[in-house]
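Trainee: Predicted model follows, preceded by the sequence.
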Amino acid sequence: MTDQFKAVLEQSSLHPKPAGLVLQYGTAGFRTNAKQLDHIMFRMGLLATLRSKKTKATIGVMVTASHNPEEDNGVKLVDPMGEMLTATWEGFATQLANTEQEELLTAMKDIIKKEAINMSQEANLFVGRDTRSSSASLSQAVLDGVHALGGHSKDYGLVTTPQLHYMVCCQNTHGKYGDATLDGYYSKLCQAFLQLTRNASNRTDDQKYLCVDGANGIGALKVREIESRLKKELQMSIFNDGSKGELNRQCGADFVKVQQKPPTGIDMNSGDRCCSFDGDADRIVYYYTDSQGLFHLLDGDKIATLISTFLKELLIQAGLDLKIAVVQTAYANGSSTHYLENTMKVIVKCTKTGVKHLHHAAQEFDVGVYFEANGHGTVLFSKHAEVKIQQLAKATSINDEVKKAALLLQSTINIINQTVGDAISDMLLIEAILAIKGMTVQQWDSIYNDLPNRQLKVKVSDRRVIDTTDAERRVVSPAGLQEAIDTLVNNYSRARSFVRPSGTEDVVRVYAEADTQENADDLAHEVSLVVHRLAGVGEEPKPLH
Ligand code: 16G
Ligand code: MG
């Protein structure tokens, strides 16, 4: 046995797998109660090291469970260009995670053989973690895995998930994307923000004011680090900064989106522009309450609309013939899709749920704006688009309007984290767009009116009994379910409904929208009854009213 494998064997006994425990690399990595994760972390350290040898590039490992409760944790692997781990390797991750202790070396050698990995190749890993109390020891377990296989590591400590994605991309592009340091990240984003807001110099302090809910997580710590760099062009009050409240409890983007109400722990006045991050700061939603005390949510669909409108107008002003598209999922509110296709006249694509699907679809366009309704999203610029924009921004013999548009596009490229959705970067872009357009949060909200909607979940014995097609908008099996949904939908006006198995929980999710809230609620309930009858366990779902 080589020394490398001996070290793995020795070290792995310090991170033993509970016999019989089976976990899946889900939509966004492993995620479960932190107590079950020590062996997973060690093994993901091993796998990331193999991935680094295979790709001859730096790989990232992020320890976080995002919007889950404090007692959970998880791990996501980051591929060389800052994307999420490629699908075949998700399979390897699941295999390696579930192999019993005595088979670990065999399972690892199997991957080495299948992927023809040269074990004498150097490996480099970047590791980051969120603020959970379990994260420090779990990230140490990752590092133990890396070192057992002789990999080199850089531990970034506390960072947001998108910051770690950014570091990996910077490293593997040899600095072309930016400096692989926190200072590099902040400088790039903040300089771009100041460039953009130069075009909006007459704003009052009121217009510059933003309430930020940091979900008591890493995002709160990191957004605080940019405050002074923004030169008062953005004046933030940061709530739920982790100094007293618990991570994600009654706060954060997921809570606000699902509950459709403001987080606790925030001091907001009517009309104040507010936003919430999730627990690892890769999601953001905006909201405000009006003078009647009514809550208004501006979710990922509204964000995608604002950003794509801004970009499309700039491309026209700059006279650039670049193909722009918006990528959504089945959860996108029907009004947003309608507005984008019919009023904005941009291409809209629908993909399956999960960031990697949206990301890949967005890569097919010159400018691909992608957002999930839950607030995860970013913008991707093709190489071709970036070159065209840079050339135009440098050109001398062009008129002022074209020049201005080209410079704005250039700063927009710099403010965006193209590797993955990023709450801090998205926030700065949204704030800059509102400033440049002189738009209030109410005006942004009124671009289109959301259709009332409802999401429910149905407990099932095995979520795999539901199989879908057409980007999860239609059911293929069990037989008869789609027909039953169609019949129910036909009873309502402006209605739509779909069901899909969750990728993260053992449930089937039900979505319905219709002309009124009551109708959306009724339709969602009726559809969940059909799902329950065909595949459900336990009690029948109760009506909402
Ligand atoms: C994960 C995904 C998120 C998706 C959600 C759906 C990433 C980084 N995160 O959190 O994009 O919306 O799963 O969960 O891909 P579900 O399958 O349980 O509905
Ligand atoms: Mg997250």
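Mentor: Received the coordinates, thanks. Residues are numbered from 1 along each chain as shown. Ligands and ions are numbered 1, 2, ... in the order given.
Trainee: Got the phi and psi for residue 61?
Mentor: Torsion angles at residue 61 (phi, psi; degrees, to the nearest 10) stand at phi -130, psi 120.
Trainee: Same question for residue 209.
Mentor: The phi/psi pair for residue 209 (degrees, to the nearest 10) is phi -90, psi 130.
Trainee: tell me the contacts of the residue lying closest to it once chain neighbours are set aside?
Mentor: In this structure, residue 209 finds its nearest non-sequential neighbour in residue 235, 5.1 Å apart by Cβ to Cβ, 6 or more residues apart in numbering. (Glycine included, C-beta is placed from N, CA and C.) Shown in contact with residue 235 (Cβ atoms under 8 Å, 6 or more residues apart in numbering): 205, 208, 209, 210.
Trainee: just residue 402 next, same as before
Mentor: 317, 318, 319, 392.
Trainee: Give me the secondary structure label for residue 212.
Mentor: strand (DSSP: H, G, I helix; E, B strand; the rest coil).
Trainee: interface residues of the stretch 1-150 of the chain facing ligand 2?
Mentor: Residues of the stretch 1-150 of the chain found near ligand 2 (Cβ under 5 Å from the ion) are residue 66.
Trainee: what ranges do the strands span in the stretch 1-150 of the chain?
Mentor: 30-33, 58-63, 72-78, 124-129 (DSSP state E, counting those that start in this stretch).
Trainee: As a markdown table, the ones you listed with mean neighbour count, mean pLDDT and distance to residue 3 would be great.
Mentor: Formatted as a markdown table, the strands of the stretch 1-150 of the chain follow (neighbours: other Cβ atoms under 10 Å; pLDDT from 0 to 100; distance: least, Cβ to Cβ, whole Å):
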| stretch | mean neighbour count | mean pLDDT | distance to residue 3 |
| --- | --- | --- | --- |
| strand 30-33 | 19 | 94 | 29 |
| strand 58-63 | 29 | 98 | 22 |
| strand 72-78 | 27 | 97 | 25 |
| strand 124-129 | 26 | 98 | 19 |
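Trainee: mind checking which of these is nearest ligand 1?
Mentor: Closest approach to ligand 1 among the strands of the stretch 1-150 of the chain is made by strand 72-78 (7.2 Å; Cβ to the nearest ligand atom).
Trainee: With respect to residue 359, which of the contacts of residue 402 is nearest?
Mentor: When the contacts of residue 402 are compared for distance to residue 359 (Cβ to Cβ), residue 318 wins out at 25.3 Å.
Trainee: sorry, back to before: dump the contacts of residue 402 to CSV, plus distance to residue 80 and secondary structure.
Mentor: Converted to CSV, the contacts of residue 402 look like this (distance: Cβ to Cβ, whole Å; DSSP: H, G, I helix; E, B strand; the rest coil):
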residue, distance to residue 80, secondary structure
317, 35, helix
318, 31, helix
319, 35, coil
392, 29, helix
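Trainee: Mark which of those are buried, thanks.
Mentor: Buried members of the contacts of residue 402, counted by 16 or more other Cβ atoms under 10 Å: 317, 318, 392.
Trainee: among the residues you listed, which are in reach of ligand 1?
Mentor: Among the buried ones among the contacts of residue 402, proximity to ligand 1 is found for none (Cβ under 6 Å from any ligand atom).
Trainee: any idea which element residue 236 lies in?
Mentor: Applying DSSP states H and E as the criterion places residue 236 in strand 235-239.
Trainee: what do you get for residue 412?
Mentor: Assigned by DSSP H and E, residue 412 belongs to helix 400-415.
Trainee: Quick check: buried residues in that helix?
Mentor: Residues 402-413, 415 are the ones in helix 400-415 that count as buried (16+ other Cβ under 10 Å).
Trainee: Need the pLDDT of residue 1.
Mentor: At residue 1, the model reports a pLDDT of 66.
Trainee: Over to residue 537?
Mentor: pLDDT for residue 537: 90.
Trainee: so how many other residues sit close to the residue nearest to it when sequence neighbours are not counted?
Mentor: Closest residue to residue 537 apart from its sequence neighbours, by Cβ to Cβ, 6+ apart: residue 461 at 4.9 Å. By other Cβ atoms under 10 Å, 11 other residues sit near residue 461.
Trainee: My read is that residue 461 contacts residue 538, right?
Mentor: No - between residue 461 and residue 538 no contact is recorded; they are 9.6 Å apart, counting by Cβ atoms under 8 Å.
Trainee: before we move on, the earlier item: closest one of the buried ones among the contacts of residue 402 to residue 65?
Mentor: Minimum distance to residue 65 across the buried ones among the contacts of residue 402 is 42.0 Å, recorded for residue 318 (Cβ to Cβ).
Trainee: dump the residue contacts of the closest one.
Mentor: Applying Cβ under 8 Å, 6+ apart, we find residue 318 in contact with 389, 392, 402, 405, 406, 409.
Trainee: okay, the residues you listed in JSON lines with pLDDT next?
Mentor: Below are the contacts of residue 318 laid out as JSON lines (pLDDT from 0 to 100):
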{"residue": "389", "pLDDT": "98"}
{"residue": "392", "pLDDT": "97"}
{"residue": "402", "pLDDT": "96"}
{"residue": "405", "pLDDT": "97"}
{"residue": "406", "pLDDT": "97"}
{"residue": "409", "pLDDT": "98"}
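Trainee: tell me the two of the residues you listed that are most distant?
Mentor: Based on Cβ to Cβ, the longest span within these runs between 389 and 402 and measures 11.5 Å.
Trainee: Great, nothing more from me.
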